[in-house]
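[1] Everything below, folded, please.
(one chain, ligands or ions: 1)
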Amino acid sequence: MNTLETDYLVVGSGAVGLAFADTLLQETDARITIVDRHGKPGGHWNDAYAFVALHQPSAFYGVNSLPLGSNRKDAVGVNQGLYELASGPEVSGYFDAVMRQRLLPSGRVSYHPMSDYLGGGRFVSMLSGEETQVRVARKTVDATFFGTSVPATHTPRFAVADGVDLVPPNALPQLWMKPAAQRPQQFVIVGAGKTAMDVGVWLLGSGARPESIHWVVPRDSWLLNRLHVQPGLEFFQETLGGQAAQMEAFAAASSLDDLFERLEAAGIMMRIDRSVHPSMFHFATMSTGEIETLRRITQVIRMGRVQAIDGQGLALDQGRVDMPPRTLYIDCTASAVEPRPGSPIFQGDRIVPQLVRAPQPAFSAALIAYVEAHYPDDATKNALCATVPFPHKLQQYLHCNMANMANQFRWGQDKALSRWIRDCRLDGFGKVIAATSPDDTEKLAVLGRIRAAAMPAMANLQKLAAQGV
Ligand SMILES: Cc1cc2nc3c(=O)[nH]c(=O)nc-3n(C[C@H](O)[C@H](O)[C@H](O)COP(=O)(O)OP(=O)(O)OC[C@H]3O[C@@H](n4cnc5c(N)ncnc54)[C@H](O)[C@@H]3O)c2cc1C
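    Model (predicted):
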């Protein structure tokens, strides 16, 4: 067996492992060993469908030391007028550059792709079968907590009869390879998350007729309006003004439904079908252009989850829907973030990066590395890095926001950490606030609204959460 010595062993070279390693490298002189099953850095982005993109601007994603994208706004398409969203191939290329241009040239990082981590500091090469024992002087970092599942690597939980044409979205751009007589005439999108929405937008944008598309939507989702998460100073009213409106809605809402309706009225939350009351929120972030496009799909099947697909059509929780021959089913049922109970992030000789600010896994991992580098013990570190639960059901949105606000408050009490956050490329709006001129009364009024609503917002969120409404 080979042996290796390192200070930190990072398992996983996705966004989380790399954002953690990048900041740790900048803030310490530690040696880092990174192990991953994938053949390239970037985790799930290597398995994504060709037309995948970030939901949120590139400006907030990746690792702290290397910008992603060119900070341009889209001039065309459904994201027109908003800051660019890196495509999947761009994100994969970016993480490859992070490894080649930042981490490896430091001389302190070793990277082991195609290697399965077995626990106890051991990993095995998936190509040679050779095992390596890593002697870890400081800590092992489990950067696999989110367990991201994407269509290409997931197995559907419904029965599929022989002969049914069920594909992941990855197969769609390859349809041109089929002979014309075998190409699908009808499409059924199965699933109602962001991937399903991407597929709907892609099908329509690539020429499919709306009447050829059916969409199985077991549950509707509230969606975050991307206009309110823009990096540029010119979006001050939409971003910080949006935060003020959000705090005011948190402070005033009389129930969970009332909260989401207030956020919708403020333009922060959106839904595709205004006649349906959503029961999910996953931080899926969309533009109004995407929503308008998706509203063109009118054959929406709201009959629960798919139980089986056979040659005649779909069996759902609440009945059957028949489909004609040459129907292509597109599996969008992978859940990007599996619901998992959180655990303390700092656990002795183990670190398990999770969200400390939702919905920002990359920022969270970088902040956790900064805290690891500069604070003395696990109790102090965990106090600064309380985990923020990722919401699935609407009720969890309350807990998510309370945890976000509590962390923000604690960070604000610590000058060095606040300075690091303000300078961190992955932080959203700290730089925008710092750039506000003391003479700009309009902007100062917006910041004043946020401050004024913060405490009442926290108190009311606690009240709503306690009511379990
Ligand atoms: C389509 C999509 C769009 C998204 N858009 C955004 C966005 O705009 N903004 C944003 O902030 N977030 C976004 N996210 C969420 C966020 O990017 C992902 O959740 C994040 O990339 C997850 O990174 P990760 O490192 O936790 O997971 P992964 O990318 O899954 O990486 C984990 C790695 O661990 C490896 N691994 C696991 N177990 C082992 C083992 N035993 N041995 C060796 N290796 C192992 C895996 O091979 C994998 O490479 C998006 C997610 C998806 C799916």
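[2] Spell out which residues sit in contact with residue 48, please.
    88, 92, 150, 152, 170 (Cβ atoms under 8 Å, 6 or more residues apart in numbering). Using the backbone N, CA and C atoms, a C-beta is placed for each residue, glycine as well.
[3] Could you list the low-pLDDT ranges of this protein?
    469 (pLDDT under 70).
[4] Mind jotting down where the helices sit in it?
    Assigned by DSSP state H, the chain shows helices spanning 15-27, 88-97, 194-205, 236-252, 256-265, 288-294, 361-374, 378-384, 394-412, 415-423, 430-434, 441-467.
[5] hang on, the earlier thing: tell me which of the contacts of residue 48 is nearest to residue 15?
    Checking these against residue 15 with Cβ to Cβ, the nearest one is residue 92 at 11.1 Å.
[6] How about the contacts made by the closest one?
    Applying Cβ under 8 Å, 6+ apart, the residues near residue 92 are 40, 42, 45-46, 48.
[7] if we go to 10 Å?
    The contact partners of residue 92, by Cβ atoms under 10 Å, 6 or more residues apart in numbering, come to 38, 40-48, 86.
[8] so how far is the ligand from the residue lying closest to residue 383 once chain neighbours are set aside?
    Spatially, and ignoring its direct neighbours in sequence, residue 383 is nearest to residue 410 (6.9 Å; Cβ to Cβ, 6 or more residues apart in numbering). Distance, residue 410 to the ligand, using Cβ to the nearest ligand atom, to the nearest Å: 21 Å.
[9] who touches residue 410 in this structure?
    Residue 410 touches 356, 383-386, 417, counting by Cβ under 10 Å, 6+ apart.
[10] so who does the nearest residue to residue 406 once chain neighbours are set aside touch?
    Excluding its sequence neighbours, the residue lying closest to residue 406 (Cβ to Cβ, 6+ apart) is residue 386, at 6.4 Å. By Cβ under 10 Å, 6+ apart, the contact list for residue 386 reads 342, 344-345, 354-356, 403-404, 406-407, 410.
[11] Kindly indicate the member of those with the most neighbours.
    Most neighbours among those, by other Cβ atoms under 10 Å: residue 355, with 28 neighbours.
[12] for it, what are its contacts?
    Per Cβ under 10 Å, 6+ apart, neighbours of residue 355: 16, 145-146, 337, 342, 345, 361, 363-365, 368, 385-390, 400, 403-404, 407.
[13] do residue 263 as well
    222, 224-225, 228, 242, 245-246, 249-250, 253, 269-270, 281, 397.
[14] Can you say which of those residues are buried?
    Buried subset of the contacts of residue 263 (neighbour count, 16 or more other Cβ atoms under 10 Å): 222, 224-225, 228, 242, 245-246, 249-250, 253, 269-270, 281, 397.
[15] Between all of the contacts of residue 410, which two are at the greatest distance?
    386 and 417 (13.7 Å).
[16] Could you report the separation of residue 92 from residue 43?
    9 Å (Cβ to Cβ, to the nearest Å).
[17] same question, residue 263
    From residue 263 to residue 43 the distance is 31 Å (Cβ to Cβ).
[18] Please enumerate the strands of the stretch 101-250 of the chain.
    Applying DSSP state E, counting those that start in this stretch to the stretch 101-250 of the chain gives strands spanning 109-112, 115-119, 122-125, 131-142, 159-160, 166-167, 186-190, 213-216, 221-225.
[19] Would you tell me which of those gets closest to the ligand?
    strand 115-119 (3.4 Å; Cβ to the nearest ligand atom).
[20] In its sheet, which strands sit next to the closest one, and in what direction?
    strand 122-125 (antiparallel) (DSSP bridges).
[21] and the strand it pairs with, how far from the chain's centre?
    29 Å (Cα atoms, centre = their mean, to the nearest Å).
[22] one step back: can I get the helices of the chain in TSV with distance to residue 57?
    Compiled in TSV, the helices of the chain are given as follows (distance: least, Cβ to Cβ, whole Å):
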stretch	distance to residue 57
helix 15-27	15
helix 88-97	13
helix 194-205	15
helix 236-252	11
helix 256-265	20
helix 288-294	14
helix 361-374	12
helix 378-384	26
helix 394-412	19
helix 415-423	18
helix 430-434	13
helix 441-467	20
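[23] Residue 179 is nearest to which of those helices?
    Checked against Cβ to Cβ, the stretch from the helices of the chain lying closest is helix 194-205, at 20.0 Å.
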